[in-house]
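>>> Structure for the following, please:
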Amino acid sequence: MRVWDKLFWVSGVLWIGCTRAPEWLQEAPLVGMRVRDDKGQEHYLKAPPQRVALCTGEALLLWEKAGLFSMVQAACVGEGDNARFFYLPCEDSLLLLEVLYRLRPDWVWFSEKNLLTAQAFPAYVFAPKSTAEWLRNLRQLGALYDNPPLIRVADSLQALVTSLQKKLQEARRLRVAVIALGSPFQLVTTRHPLATLIQEAGGSVLYCDSLPPLDTLRANPPDVLLIPEGSTELLNDFLTHYPEGYTFPALQYKRLFSIERWMIERPFADAPTAFFSLVRILHPELTGSASEPPAEEIEKAAQEHAQ
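Numbering: from 1, shown residues only. Down below sits the predicted model:
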């Protein structure tokens with residue numbers, strides 16, 4: 001065989017190999033991918049997981065918004081109609097291990113609280129400390145499941161968050177007090193996750209656990225006061241016991257707002273929504289929308305009490 005015939009034969013084989021892959025290769029799994037969790041640990045996944053367990057309730061909304069709900073096999077807490085389908089005993093580490101061994105998920109998401117249980121599984125720690133970290137998780141899911149629209153959504157939201165935060169650097173930082181659910185009277189402190197989002201949104205929570213709530217309010221009278229939605233009695237009880245609260249700038253200038261309870265109980269379940277809601281409350285001039293007025297029943301109750 002002449003040399004050029006050999007070259008033609010070899011090049012023909014290569015040409016066929018490049019245009020028509022063997023059938024077995026078409027059925028092979030996708031090339032693996034490395035992912036990084038919120039603890040900074042890298043994990044290698046051979047293929048996109050199809051059976052996922054969420055051992056942290058905060059992660060469920062992320063998977064729902066990503067459109068990947070069908071991958072979730074079980075979770076700590078189910079929302080709405082899904083409550084009866086999802087249940088994991090996340091507060092009981094031994095029982096949780098037993099259930100997970102029985103389910104045999106491909107991928108398990110944990111919070112920082114149950115890391116000891118996580119050591120027995122292909123664990124991913126979901127514990128975002130900022131809106132950017134939440135969006136990084138969303139983008140990473142888009143890349144893992146080959147979903148370009150999801151990646152574009154995550155990038156678009158991150159660009160908007162970054163733009164707003166640059167503007168917020170020049171805005172006045174308002175002192176914010178958040179009355180938490182419970183009795184006796186409680187405040188959200190600097191250690192609470194919501195305080196981080198308030199900081200990102202141009203506010204500042206100055207209250208700590210070491211001082212009684214009233215002493216901290218006297219030292220740092222709030223410019224804005226937030227209460228859980230549907231819990232006006234918390235404010236009424238507070239003003240009944242501490243009438244000097246009427247002198248706070250928040251009440252004098254009617255900067256009193258109600259926020260959904262999940263924003264206090266699990267703010268990082270949907271960090272972007274919480275962030276944008278707080279920006280609209282604290283700095284409506286940057287969002288082009290008027291801030292919502294104080295709840296009518298609260299304002300009315302405050303006026304009646306003052307009389």
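>>> going forward, measure contacts and count neighbours with C-alpha atoms only.
OK.
>>> May I have the beta-bridge partners of residue 107?
residue 52 (DSSP bridges).
>>> Around it, count how many other residues there are.
21 (other CA atoms under 10 Å).
>>> From residue 72, how far out is it?
Shown here: residue 107 relative to residue 72, a distance of 10 Å by CA to CA, to the nearest Å.
>>> between the two, what contacts are shared?
51, 52, 53 (CA atoms under 8 Å, 6 or more residues apart in numbering).
>>> do you know how far residue 180 is from residue 141?
33 Å.
>>> neighbour-wise, which of the shared contacts of residue 107 and residue 72 leads?
residue 53 (25 neighbours).
>>> residues touching that one, list them.
72, 73, 74, 75, 105, 107, 108, 109.
>>> Run through the residues that contact the nearest residue to the fourth one once chain neighbours are set aside.
Right, residue 75. Spatial nearest neighbour of residue 75, excluding adjacent residues (CA to CA, 6 or more residues apart in numbering): residue 54 at 4.5 Å. Each residue near residue 54 by CA under 8 Å, 6+ apart is listed here: 60, 72, 74, 75, 76, 108, 109, 110.
>>> hmm, back to that, helices - which of the contacts of residue 53 land there?
Judged by DSSP state H, the subset of those located in helices is empty.
>>> CSV for the residues you listed, including distance to residue 99 and pLDDT?
As requested, these are exported to CSV (distance: CA to CA, whole Å; pLDDT from 0 to 100):
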residue, distance to residue 99, pLDDT
72, 15, 90
73, 12, 88
74, 10, 87
75, 11, 87
105, 10, 90
107, 14, 92
108, 12, 91
109, 14, 92
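>>> any idea how far stretch 50-58 is from the chain center?
14 Å (CA atoms, centre = their mean, to the nearest Å).
>>> Render the CA-only coordinates of that stretch in PDB, please.
C-alpha atoms of stretch 50-58 as PDB (Å, rounded to 0.1, in the frame of the first residue of the first chain):
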ATOM      1  CA  GLN A  50     -31.400  12.200  40.200                       C
ATOM      2  CA  ARG A  51     -32.300  11.400  43.800                       C
ATOM      3  CA  VAL A  52     -31.700  14.300  46.200                       C
ATOM      4  CA  ALA A  53     -32.400  14.600  49.900                       C
ATOM      5  CA  LEU A  54     -32.500  18.000  51.600                       C
ATOM      6  CA  CYS A  55     -31.600  17.800  55.300                       C
ATOM      7  CA  THR A  56     -32.000  21.600  55.600                       C
ATOM      8  CA  GLY A  57     -35.400  23.300  55.200                       C
ATOM      9  CA  GLU A  58     -33.800  26.400  53.800                       C
END
